[in-house]
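# Any chance you could fold what I've pasted below:
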Amino acid sequence: MPTGSYSRIYDVVRRVPRGRVATYGQVARLACIPNGARQVGYALHALHDGPPIPWHRVVNALGGISLRGESAARQRRRLEREGVRFDAGGRIRLADFAWRPRRGRGPR
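As a prediction, this is how the structure comes out:
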């Protein structure tokens with residue numbers, strides 16, 4: 001079971017609803033980790049078997065997928081199955097698909 005900041009990151013990512021995305025920086029802010037976007041990436045990379053965490057709903061600040069190769073293709077397929085659309089440049093229009101959590105709700 002993860003502890004500390006990774007646990008807070010996973011708690012935030014679990015809250016991202018189907019058909020929405022969050023950025024690495026947004027997850028870090030909601031997990032109360034200042035300047036922690038890179039740490040969010042490390043935490044998601046460290047995921048193994050266990051309770052499902054919708055890692056595929058986390059994208060970079062430009063609405064792009066930061067993974068490469070087959071992992072990027074898998075993330076895109078999962079998002080598309082949830083109704084998330086990509087533009088011709090392979091980016092998600094955050095104005096349309098960004099998760100906007102209610103104010104005052106931090107990590108549980």
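
# And the residue in the chain sticking out farthest from the centre, its phi and psi?
Note on the chain: the largest C-alpha distance from the chain mean falls to residue 88, namely 21.2 Å (C-alpha atoms, centre = their mean). Here the main-chain torsion angles of residue 88 (degrees, to the nearest 10) amount to phi -60, psi -30.

# And for the one 10 residues further on?
Summarising the backbone geometry of residue 98 under the convention degrees, to the nearest 10, its torsions are phi -70, psi 140.

# Roughly how far does the closest residue to it other than its chain neighbours sit from residue 94?
Of all residues not flanking residue 98 in the chain, residue 21 sits nearest, at 6.3 Å (C-beta to C-beta, 6 or more residues apart in numbering). Just so you know, the C-beta spots here come from the backbone N, C-alpha and C atoms, and that holds for glycine as well. Distance check for residue 21 against residue 94: by C-beta to C-beta, to the nearest Å, it reads 7 Å.

# Now the common contact residues for these two.
residue 63 (C-beta atoms under 8 Å, 6 or more residues apart in numbering).

# More neighbours: these two, which one.
The residue with more neighbours, out of residue 21 and residue 94 and counting by other C-beta atoms under 10 Å, is residue 21; that gives 24 against 16.
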